[in-house]
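Undergrad: I'll drop the sequence and a predicted model, then ask my questions.
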Amino acid sequence: MRVLIFHGYLLRGTGSNIYNLSLARALAALGHQVCLVCQERSPQALGLPDTVEIVNPDIGRVLPVYVADAYDGFDAVRFADLDDGRLDAYLDANVAAVAAAAERFRPDIALANHAVMGPAILARALAGRVPYAVKIHGSALEYTVRPQPERFRPYMLEGLDRAAGVLVGSRHTAESLWEVADDPGLPARTRLGPPGVDVAAFRPRPATEAAAELAALADRLERGDGAGWGREPGASAALRAFDPRRERIVGYVGKLIVSKGVDLLLAAWPLVHARAPDARLLVVGFGAYREGLGSLVAALARADLDAVVALAARGRGAEGGEEAPLTYLTAFLDGLTGEERAAYLAAAPAAAAAVRFTGALDHGDLPAVLPAFTAQVVPSTFPEAFGMVAAEAACSGALPLSAAHSGLAEVTAALAGAIAPEQRDLLAFERGPGAVEAIADRLTRWLELPAGRRSETAAALAERARGRFGWEAVADGVIAAASGELDALTPIA
């Protein structure tokens, strides 16, 4: 089968980028030919098979995005900040590129990504000649369509109206989509279609093997292999600083933006490190809040709580927007008094010294990183369509500790049955004023378990995760949705 995919962004990093890269690989492995329309300019570095063709529409330097961020080679502008002229130019360029690709490639089916603008682009370019499905990722829906429905909802409905099927990563995303779309016929065409995990790559490793792979990745980074954009200058040194044979490594992997809640994890870290002095924290990712997070760690290193309070008060202002306080972090700081405050400040410098940032790593680097983790935290304060990073952590043998909401909660629910009832609360914490203390509590209890008990629990989580997630099933689901074979797909529970 010949499959055309429209994804208007890169094929590296996290989220929808990795979804489309992994989907293309899975489709190719199943014997299909793929034409992937995107803005990835270095596909040769991704090791894609010859049956995957990359097409780059000429959109100029302006890359419309859902959340303010930086992209190498582009001027990233939020959709909300685009004037009508630039938005029309972006649409016209992509429609022309997809129409030309379809004329030459002759696809049997197609897939559009995001609520806007992918579905509208396919609807216009294919003009009813090729059936297509839509994969909803949370960012476009929540950051672009919901805040400005008068402007962007018509584009979303234009694309959804002609889709044979609509895929969502979770019930949470489905309900949000139905609410914003306000189309009574849409639920009947919506099916579960979460992303998957490369279970051959993300697997548990013994500590010796995990240490060797971490060192090998550091060697590759030093040699300059792979893309370097967004990576910290000391990325290889950060990886070499930690050794899973003698330390327990806690990790974060994802965008460094305010809504991902990394500040909560960093604020919890002195509480964790005071109880587990051999624990180390590795932060993998890049984004507009990197400087703010670095300032937070530096303030902890100085035991300067006033500076942390000021950072919490500035909040989203650190990303270039108006100041908006980090309310959960502020609640924690306000509650630090007396002996607890003194103990926290005493623990902060050593805890800060145990934190490293790598910057951006390619998704293909993560199988060398996640098996070195004892735990991975997904502290997002904003709804997530699916907790892919938590699923990958579980497959790799790390405890996935996630905020208990949206698609993250659905991943947690899928994994919870694999472990003893008294341990299930280790997988999640409630988003709210007590989030910092809850993260610290879960991590500390996990690290203080006997090593054998931790290993048994991690193995059970890995087995459950490997059995529930896999990219070939995702690829089959996309084909079924685009072909209109919705009875073959999982309905929204």
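TA: Alright, I've got the coordinates.

Undergrad: where's Ala268, which helix or strand?
TA: For Ala268, the element it lies in under DSSP states H and E is helix 262-275.

Undergrad: Who are the packing partners of that helix?
TA: When contacts are defined as 3 or more Cβ pairs under 8 Å, 6 or more residues apart in numbering; DSSP states H and E, helix 262-275 packs onto strand 248-253, strand 279-284, helix 290-301, helix 305-314, helix 327-335, helix 338-353, helix 435-448. The C-beta positions use only the backbone N, C-alpha and C, and glycine is treated the same way.

Undergrad: Between helix 435-448 and the first one, find me the angle.
TA: Pointing back at strand 248-253 there. Per axes from the mean of the first three to the mean of the last three Cα atoms, to 10 degrees, the angle that strand 248-253 makes with helix 435-448 is 140 degrees.

Undergrad: buried stuff in strand 248-253?
TA: Arg248, Ile249, Val250, Gly251, Tyr252, Val253 (16 or more other Cβ atoms under 10 Å).

Undergrad: How about the contacts made by the last one?
TA: Going back to what we said before, that points to Val253. The contact partners of Val253, by Cβ atoms under 8 Å, 6 or more residues apart in numbering, come to Thr14, Val284, Gly285, Leu366, Val369, Leu370, Gln376, Val389, Ala393.

Undergrad: what's next to the strand or helix carrying Ala211, contact-wise?
TA: Element membership for Ala211, per DSSP H and E: helix 207-223. Residues from elsewhere that reach helix 207-223 (Cβ under 8 Å, 6+ apart): 205, 226, 231, 235-237, 239-240, 242-245, 365, 367-369, 371-372.

Undergrad: Return the distance of the lowest-mean-pLDDT helix or strand in the chain from the chain's centre.
TA: Across the helices and strands of the chain, mean pLDDT, DSSP states H and E gives its lowest value to helix 138-140, namely a mean of 90. Put simply, helix 138-140 sits 11 Å off its chain's centre (Cα atoms, centre = their mean, to the nearest Å).

Undergrad: State the next helix or strand along the chain beyond it.
TA: Following helix 138-140 toward the C-terminus (DSSP H and E): helix 149-161.

Undergrad: Flag the shaky bits of the stretch 251-400 of the chain, pLDDT-wise.
TA: For the stretch 251-400 of the chain, the stretches flagged by pLDDT under 70 are 320-321.

Undergrad: Give me the contact list for the least confident helix or strand of the chain.
TA: With Cβ under 8 Å, 6+ apart as the test, helix 138-140 has contacts from 15-16, 66-67, 79, 114-116, 169, 173, 176, 383-386, 406-407.

Undergrad: what do you get for stretch 286-294?
TA: 68-70, 230-231, 255-258, 260, 262-263, 266, 283, 311, 314, 318-320, 357, 359-360.

Undergrad: go with 6 Å
TA: Around stretch 286-294, the neighbours that count as contacts under Cβ atoms under 6 Å, 6 or more residues apart in numbering are Ala68, Asp69, Gly230, Lys255, Leu256, Ile257, Val258, Val262, Ala318, Glu319, Gly359, Ala360.

Undergrad: Just the ones of the residues you listed in helices?
TA: Judged by DSSP state H, these include Val262 as members of helices.

Undergrad: nearest to Pro491, of the contacts of stretch 286-294?
TA: Of all the contacts of stretch 286-294, Pro491 sits closest to Lys255, with 31.1 Å by Cβ to Cβ.

Undergrad: what number of residues lie near the residue lying closest to Ala385 once chain neighbours are set aside?
TA: The shortest distance from Ala385 to any non-neighbouring residue, by Cβ to Cβ, 6 or more residues apart in numbering, is to Gly138 (3.5 Å). Residues near Gly138, counting by other Cβ atoms under 10 Å, number 26.

Undergrad: Kindly report the same for the one 3 residues further on.
TA: A total of 25 residues lie near Leu141 under the criterion other Cβ under 10 Å.

Undergrad: Next, the contact list for it, please.
TA: Ala115.

Undergrad: And it, how far from Ala201?
TA: 29 Å (Cβ to Cβ, to the nearest Å).

Undergrad: now for whichever helix or strand comes after the helix holding Ala211, which elements pack on it?
TA: Later in the chain than helix 207-223, the nearest helix or strand by DSSP H and E is helix 235-240. Judged by 3 or more Cβ pairs under 6 Å, 6 or more residues apart in numbering; DSSP states H and E, helix 235-240 is in contact with helix 207-223, strand 355-359.

Undergrad: deepest of the ones you listed, which one?
TA: Across the helices and strands packed on helix 235-240, the average number of neighbours (mean count of other Cβ atoms under 10 Å) peaks for strand 355-359, which reaches a mean of 22.

Undergrad: after it comes which helix or strand?
TA: Moving toward the C-terminus from strand 355-359, the next helix or strand (DSSP H and E) is strand 373-378.

Undergrad: Compute the inter-axis angle for that next one and strand 279-284.
TA: Between strand 373-378 and strand 279-284, the angle comes out at 50 degrees (the same axes, to 10 degrees).

Undergrad: List the contacts of strand 373-378.
TA: Strand 373-378 has contacts (Cβ under 6 Å, 6+ apart) with 248-252, 265, 387, 389-390, 393, 398-402, 408, 446.

Undergrad: ditto for stretch 299-314
TA: Stretch 299-314 has contacts (Cβ under 6 Å, 6+ apart) with Ser295, Leu296, Glu323, Pro325, Leu326, Leu329, Thr330, Leu333, Leu345, Ala348, Pro349, Ala352.
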